[in-house]
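Novice: Take a look and give me a structure for this.
(chains A and B)
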Number of protein chains: 2
Amino acid sequence: MTSYKLTYFNFTGLGEPIRFLLSYLDIDFEDNRIELEQWPSVKHTMPYGTLPLLEIDGKVLNQSSAICRYLAKKANLAGSNDWESLLIDIAVDNHKDFALSLKSYWFDPNEESKAAKYVTLVNETIPFYMEKFEKIVGENNGYFVNGKLSWADFFFVSTLDHLIYRLNIEMLKDRPNLQALREKVLAVPKIKSWIEKRPSSFDLA
Amino acid sequence: MTSYKLTYFNFTGLGEPIRFLLSYLDIDFEDNRIELEQWPSVKHTMPYGTLPLLEIDGKVLNQSSAICRYLAKKANLAGSNDWESLLIDIAVDNHKDFALSLKSYWFDPNEESKAAKYVTLVNETIPFYMEKFEKIVGENNGYFVNGKLSWADFFFVSTLDHLIYRLNIEMLKDRPNLQALREKVLAVPKIKSWIEKRPSSFDLA
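Specialist: Reported below is the predicted structural model:
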């Protein structure tokens, strides 16, 4: 039997879409969680100094979205043809760009520029992306692309809690399409079971 | 006949891997180049305020690596199976992470922190990634993954000139495997013809 070991921090973040997909696929996996205080002493042992890592039969893989795409193919969540796959990949990378713009805020060591970034985030970046996403989901039968469930929906929903925690902003407020999408994904039976049994972490309400 | 229109800046950067793949596929495309001074007045007309965009029969697509993956499938440069595709995607995203770490330097408006970042780049980031890439290419028959040409090689080689220009650092010095890979990609007949006919731009020596 193929073995799967996921190494990530003890929170949702970029590990969670992989956990969602493994759960959806009914794959047993070792959910190896590293505490933040351990990180400085183990970072140098990771191939690129980053997490998540997924080990499949001992083969070490980094890059969360590449890993998700691979798992999503097994789960038939990666599109029915190359065009559908393209639209899914675009949706995921747009969400990653959004998340990246938030990260440059929360990792900013300078309090002054951090405060300025926060204002831009609240007034510009978050409304810009969230209104786009809300509209897109409204136009695609309640999903991000192709009018059906894909790993783009999993990626968005599973990483959202961490972004909301980091910013302390309820990003789905007044965005009914995105709220409905979130509820729909969390109600998928295999995802629902995962949510019920997953360890609690500081980024989960 | 399907129409292709690429909109990007008048330099190589993230537009160039798409130009490489379209050229490799022998696809005629409109190479729409926007001058930097035009950018502020047209940025808001772009779906996510970013470039490149590829229009295929008028359908507007953003996200360079998603676009490249789609074109690479047509070109048989995206792996022979899901595992090979996964390794290609990982290689591309690792290179994108590297490029991103350089961008945070060159877009830093603060001269002091920019200078500090430069020191870190030269002494840590660039050697870290380049030594990894050099080793990986040495272990994979002179390519990034799977022992054969893939769009990961195109992505790396085509975006490199711009990174070198921005930093003014010859990143391939003393890295014979990466140098050989670069020469091999640039010698692919369709790429060679593109290089010969492409417009000159400020980031090309």
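Novice: Which neighbouring elements make contact with the helix or strand where A:D31 lies?
Specialist: Using DSSP states H and E, A:D31 falls within strand A:30-34. Under the contact criterion of 3 or more Cβ pairs under 8 Å, 6 or more residues apart in numbering or on different chains; DSSP states H and E, strand A:30-34 touches strand A:4-9. In this view, the C-beta of every residue, glycine as well, is placed from N, C-alpha and C.
Novice: from the chain's centre, how far out does the helix or strand just after the strand it packs on sit?
Specialist: Using DSSP H and E, the next helix or strand after strand A:4-9 towards the C-terminus is helix A:16-24. Relative to the centre of its chain, helix A:16-24 is centred 10 Å away, using Cα atoms, centre = their mean, to the nearest Å.
Novice: does any part of helix A:16-24 sit near chain B?
Specialist: No: using Cβ under 8 Å from any Cβ of the partner chain, helix A:16-24 never reaches chain B; the gap is at least 12.7 Å.
Novice: quick one: that helix to strand A:4-9, angle?
Specialist: Orientation check (axes from the mean of the first three to the mean of the last three Cα atoms, to 10 degrees): helix A:16-24 against strand A:4-9 gives 150 degrees.
Novice: Report the angle between the strand holding A:D31 and helix A:16-24.
Specialist: Strand A:30-34 and helix A:16-24 are oriented at 160 degrees to each other (the same axes, to 10 degrees).
Novice: Could you list the paired strands of strand A:30-34 along with their orientation?
Specialist: Paired neighbours of strand A:30-34 in the sheet (DSSP bridges): strand A:4-9 (parallel).
Novice: what comes up buried for the partner strand?
Specialist: A:4, A:6-9 (16 or more other Cβ atoms under 10 Å in any protein chain shown).
Novice: contacting residues for the residue lying closest to A:L36 once chain neighbours are set aside?
Specialist: In this structure, A:L36 finds its nearest non-sequential neighbour in A:F9, 6.5 Å apart by Cβ to Cβ, 6 or more residues apart in numbering or on different chains. A:F9 is in contact with A:15, A:33-36, A:39, A:51, counting by Cβ atoms under 8 Å, 6 or more residues apart in numbering or on different chains.
Novice: mind running it again at 10 Å?
Specialist: Neighbouring residues of A:F9 by Cβ atoms under 10 Å, 6 or more residues apart in numbering or on different chains: A:15, A:33-36, A:38-39, A:51-52, A:162, A:201-203.
Novice: Ranking helices and strands of chain A by mean pLDDT, which lands last?
Specialist: Taking mean pLDDT, DSSP states H and E as the measure, the helix or strand of chain A with the lowest value is helix A:111-120, at a mean of 92.
Novice: Need the mean per-residue confidence for whatever helix or strand A:T159 lives in.
Specialist: A:T159 belongs to helix A:151-167 when assigned by DSSP H and E. Average pLDDT, helix A:151-167: 96.
Novice: Also stretch A:26-34?
Specialist: Averaged across stretch A:26-34, pLDDT comes to 98.
Novice: Any buried residues in that stretch, and which?
Specialist: Per 16+ other Cβ under 10 Å, stretch A:26-34 contains these buried residues: A:27, A:29, A:31, A:34.
Novice: quick check, nearest of the residues you listed to chain B?
Specialist: A:I27 (14.9 Å; Cβ to the nearest Cβ).
Novice: Assess the claim that that closest one and A:L71 are in contact.
Specialist: Yes: A:I27 is within contact range of A:L71, at 8.2 Å (criterion: Cβ atoms under 10 Å).
Novice: so what's in contact with the two at the same time?
Specialist: A:4, A:21, A:56.
Novice: can you list those residues in a markdown table and add distance to A:A187 and pLDDT?
Specialist: Listed next are the shared contacts of A:I27 and A:L71 as a markdown table, based on distance: Cβ to Cβ, whole Å; pLDDT from 0 to 100:
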| residue | distance to A:A187 | pLDDT |
| --- | --- | --- |
| A:Y4 | 25 | 98 |
| A:L21 | 17 | 98 |
| A:I56 | 29 | 98 |
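Novice: Pick the one among the residues you listed closest to chain B.
Specialist: Using Cβ to the nearest Cβ, these come closest to chain B at A:I56, 9.0 Å.
Novice: who's in contact with that closest one?
Specialist: Applying Cβ under 10 Å, 6+ apart, the residues contacting A:I56 are A:2-5, A:27, A:29, A:67, A:70-71, B:83, B:86.
Novice: got it, and A:A152?
Specialist: Residues near A:A152 by Cβ under 10 Å, 6+ apart: A:17, A:68, A:72, A:77-79, A:87-95, A:136, A:140, A:143-146.
Novice: And A:Y4, by the same measure?
Specialist: Shown in contact with A:Y4 (Cβ under 10 Å, 6+ apart): A:18, A:22, A:25, A:27-31, A:54-57, A:71.
Novice: what's the answer for A:I169, then?
Specialist: A:I169 is in contact with A:102, A:118, A:121-122, A:126, A:130, A:163, counting by Cβ under 10 Å, 6+ apart.
Novice: and if you look at A:G49?
Specialist: Contacts of A:G49 by Cβ under 10 Å, 6+ apart are A:42-43, A:62, B:97, B:128.
Novice: among those, which two are most distant?
Specialist: Greatest spatial distance among those (Cβ to Cβ): A:V42 and B:D97, at 18.8 Å.
Novice: Which one's more surrounded, these two?
Specialist: B:D97 (15 against 12; other Cβ atoms under 10 Å in any protein chain shown).
Novice: coming back round to it: so which of the buried residues of strand A:4-9 is the closest to A:E170?
Specialist: A:F9 (23.0 Å).
Novice: Helices along chain A, start to end?
Specialist: All helices of chain A, identified by DSSP state H, fall at A:16-24, A:39-42, A:64-74, A:82-106, A:111-120, A:126-139, A:151-167, A:176-186, A:189-197.
Novice: quick revisit: now, among the shared contacts of A:I27 and A:L71, which is nearest to B:F155?
Specialist: For the shared contacts of A:I27 and A:L71, the nearest to B:F155 is A:I56 (23.7 Å; Cβ to Cβ).
Novice: List the residues that contact the residue nearest the centre of chain A.
Specialist: Nearest to the mean C-alpha position of chain A, by Cα atoms, centre = their mean, lies A:T159 at 3.0 Å. By Cβ under 10 Å, 6+ apart, the contact set of A:T159 is A:12-17, A:20, A:64, A:95-96, A:98-99.
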